[in-house]
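> Fold the following, please.
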Amino acid sequence: MMAMILVSSVFIGLVLLGLWPVVRDSWDARVRRKAHERTAATMAAPAAEPSTLEGSVVTGLFQRQISSAQYRATMERLAADDNDRHPLRVPPETGRDAGKA
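Alright, predicted model coming up:
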């Protein structure tokens, strides 16, 4: 009885080991096909126009319509304007170490 279980287990293991390359190749092909479909779908989709000023500046930089120096100056100006409109308010310190310098 024990020998029959052992022989059956070895036989099943050998069959599975023999089929493993077929299963693996099928799985790899399916994964590659899905990745190709996703890539093709994103390549075919038209690029959306930027909806923010920052997006327009980045698009101009990528399309080489502006230089990197112009990009940095524009982003610096946008950050300063944003800071004027929405200043960062730091909450007061609380706790045991509050007020210590």
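
> give me the number of residues near V31?
When neighbours are counted by other C-beta atoms under 10 Å, V31 registers 10. Placement of C-beta: from N, CA and C, glycine included.

> what's the following helix or strand after the helix ranked longest in the chain?
Using DSSP state H, we find that the single longest helix of the chain is helix 2-44. Downstream of helix 2-44, the next assigned helix or strand under DSSP states H and E is helix 53-62.

> Which elements pack onto the helix or strand just after that following helix?
Downstream of helix 53-62, the first helix or strand assigned by DSSP H and E is helix 68-85. Judged by 3 or more C-beta pairs under 8 Å, 6 or more residues apart in numbering; DSSP states H and E, helix 68-85 is in contact with helix 53-62.

> pLDDT on the helix it packs on, on average?
In this model, helix 53-62 carries a mean pLDDT of 92.

> do stretch 22-30 as well
pLDDT averaged over stretch 22-30 gives 79.

> mind listing what's buried in it?
Residues of stretch 22-30 classed as buried by neighbour count (16 or more other C-beta atoms under 10 Å): none.

> Over to stretch 73-88?
By 16+ other C-beta under 10 Å, the buried positions in stretch 73-88 come out as T74.
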